[in-house]
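A.B. asks: with the sequence up front, the predicted model follows.
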There are 2 protein chains.
Amino acid sequence: MRISQLAEQTGVPVHTLKYYLREGLLMPGSATSRTRAEYDDRHVERVRLVRALVEHGQVPIASVRTIVEALDSPPPHRHELLGVAHCALPTPPTSGAVSPEVAGLVEELGWYVAPDAPALLALSDAVSAARRAGVALEEQTLRHYASAMQEVAAVDVDLALGAGSTAEALRLVVVGTVLVDPVLLALRRVAQEAVSAGRPDGPGAGRPD
Amino acid sequence: MRISQLAEQTGVPVHTLKYYLREGLLMPGSATSRTRAEYDDRHVERVRLVRALVEHGQVPIASVRTIVEALDSPPPHRHELLGVAHCALPTPPTSGAVSPEVAGLVEELGWYVAPDAPALLALSDAVSAARRAGVALEEQTLRHYASAMQEVAAVDVDLALGAGSTAEALRLVVVGTVLVDPVLLALRRVAQEAVSAGRPDGPGAGRPD
């Protein structure tokens, strides 16, 4: 298909597609003349992915580029996927050190995680930022949160392992992580209202089932 | 204390404090002369909160203003706190309609939630955005995620209910929601690596305990 048809099929304007091409987020079509190129279903899929990451995952362009580069050359072993995905995902700037508390938590939970995993740095930073702002995150609280997120992760990993190819598994991990984050955060808020309503004093307390 | 001491104690430069004052994020000090005002511990606490929301929660200034206004006039009933907090929290722009699927999920889970809660709209939007990007979010998967986030919410609500005053509970809900979000997302990534490592083929499979 031509670029105008790619635009029509994806709902992304031609000038945005040209921007994606210039930025290396979309692979070039096959040239059919000096000024014309042909695009196919792989381009449709890639445009939808880039659009979703930028618009809904609010992923910066540079990180989108890292992600699509990883998708174009996936690692040989499936268990390396998460490392690649997590390094490609945007992470807040970190202090560069895993806190002893976080290292201890992971040890205590029996979690096997590379000691320099970016997620451990992000976790250390997020915990200390919350505490600086006056959130009392006790060890016990962190353990509760960790056990809930382990359930989430088990679902995530099952989805990724069900993929047909390593490339598809990588796509699922990246897209699933970035785009399911907002789903989880919205679920947290909905669940907060539900839990609160069910407590004594809440509007749902004692209502018939 | 004078503004220079407030700056010293919070680590926030004087020109940023003046910006917070102009934007209504920080309540004025009590004037001691035409050009001088006196600040106290309430100002220190407020500056730390604003700083944390802006820097780590990446909350836009307008939402920070809504949040601090809510903190300054908390609702009379504690069970209205979450509604106030969630309306004040930054949410992605929504389509304006709760999807029948999300309404059905909440009903099925027995969750009591106001049908026009912003979190329900955010959830509907997040689910459809993920699907458009090719994440197969099946009903069963959503239910698993929802049950994990219900555990998170139970911890959240317990923390907020433990607060001494309604104002303090509101602060805990807002700060806890915005600043614990990054903690949960980092925990999800760490747990993904741990779960993946423990599966057959992972680097942690079969290692001694």
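C.D. replies: Looks like it came in fine. Numbering: from 1, shown residues only, chains lettered A, B, ... in the order given.

A.B. asks: which helix or which strand is home to the closest residue to residue A:192 other than its chain neighbours?
C.D. replies: Nearest non-adjacent residue to residue A:192, counting by C-beta to C-beta, 6 or more residues apart in numbering or on different chains: residue B:153, 4.4 Å away. Placement of C-beta: from N, CA and C, glycine included. Assigned by DSSP states H and E, residue B:153 falls within helix B:139-161.

A.B. asks: tell me the angle of that helix relative to helix A:139-161?
C.D. replies: 170 degrees (axes from the mean of the first three to the mean of the last three C-alpha atoms, to 10 degrees).

A.B. asks: how about helix B:139-161 as CSV, C-alpha atoms only?
C.D. replies: In CSV, the C-alpha atoms belonging to helix B:139-161 read as follows (Å, rounded to 0.1, in the frame of the first residue of the first chain):
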residue,chain,number,x,y,z
GLU,B,139,-11.5,-10.9,30.7
GLN,B,140,-9.8,-13.6,32.8
THR,B,141,-6.5,-11.6,32.7
LEU,B,142,-8.3,-8.4,33.8
ARG,B,143,-9.9,-10.3,36.7
HIS,B,144,-6.5,-11.5,37.8
TYR,B,145,-5.1,-8.0,37.7
ALA,B,146,-8.1,-6.6,39.5
SER,B,147,-7.7,-9.1,42.3
ALA,B,148,-4.1,-8.2,42.8
MET,B,149,-4.9,-4.5,42.8
GLN,B,150,-7.6,-5.1,45.4
GLU,B,151,-4.9,-6.3,47.7
VAL,B,152,-2.9,-3.2,47.1
ALA,B,153,-6.0,-1.1,47.7
ALA,B,154,-6.7,-2.8,51.0
VAL,B,155,-3.2,-1.8,52.2
ASP,B,156,-3.8,1.8,50.9
VAL,B,157,-7.2,2.2,52.7
ASP,B,158,-5.8,0.8,56.0
LEU,B,159,-3.0,3.4,55.9
ALA,B,160,-5.4,6.2,55.2
LEU,B,161,-7.9,5.1,57.9
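
A.B. asks: run through who's touching that helix.
C.D. replies: Helix B:139-161 is touched from outside by A:136, A:141, A:144-145, A:147-149, A:151-152, A:155, A:159, A:180, A:183-184, A:187-188, A:190-192, A:194-196, A:199, B:78, B:81, B:101, B:105, B:108-109, B:127, B:169, B:172-173, B:176-177, B:180, B:184, with contacts defined as C-beta atoms under 8 Å, 6 or more residues apart in numbering or on different chains.

A.B. asks: distance of the residue nearest to residue A:192 relative to residue A:187?
C.D. replies: Distance, residue B:153 to residue A:187, by C-beta to C-beta, to the nearest Å: 9 Å.

A.B. asks: more crowded one of those two?
C.D. replies: Neighbour count, other C-beta atoms under 10 Å in any protein chain shown: between residue B:153 and residue A:187, residue A:187 has more, with 29 against 25.

A.B. asks: how close does the spatially most central residue of chain A get to chain B?
C.D. replies: By C-alpha atoms, centre = their mean, the mean C-alpha position of chain A lies nearest to residue A:178, the distance being 2.0 Å. Counting by C-beta to the nearest C-beta, to the nearest Å, the gap from residue A:178 to chain B is 9 Å.

A.B. asks: give the rounded mean pLDDT of the host helix or strand of that residue.
C.D. replies: In this structure, residue A:178 sits in helix A:166-198 according to DSSP H and E. Across helix A:166-198, the average pLDDT comes to 83.

A.B. asks: do stretch A:97-112 as well
C.D. replies: The pLDDT scores in stretch A:97-112 average 91.

A.B. asks: try stretch A:119-127
C.D. replies: For stretch A:119-127, the per-residue pLDDT averages 89.

A.B. asks: who touches it?
C.D. replies: So stretch A:119-127 is contacted by A:86, A:91-92, A:94-99, A:101-103, A:106, A:113, A:137, A:142, B:56, B:179, B:182-183, B:185-187, B:189-190, B:192-193 (C-beta under 8 Å, 6+ apart).

A.B. asks: can you say which of the residues you listed are buried?
C.D. replies: Buried by 16 or more other C-beta atoms under 10 Å in any protein chain shown: A:86, A:91, A:94, A:98-99, A:102, A:106, A:113, A:137, A:142, B:56, B:179, B:182-183, B:185-187, B:189-190, B:192-193, out of these.

A.B. asks: and the residue lying closest to residue A:148 once chain neighbours are set aside, how far is that from residue A:142?
C.D. replies: The shortest distance from residue A:148 to any non-neighbouring residue, by C-beta to C-beta, 6+ apart, is to residue B:151 (4.1 Å). Using C-beta to C-beta, we find residue B:151 at a distance of 13 Å from residue A:142.

A.B. asks: now residue A:7
C.D. replies: Distance from residue A:7 to residue A:142, by C-beta to C-beta: 47 Å.
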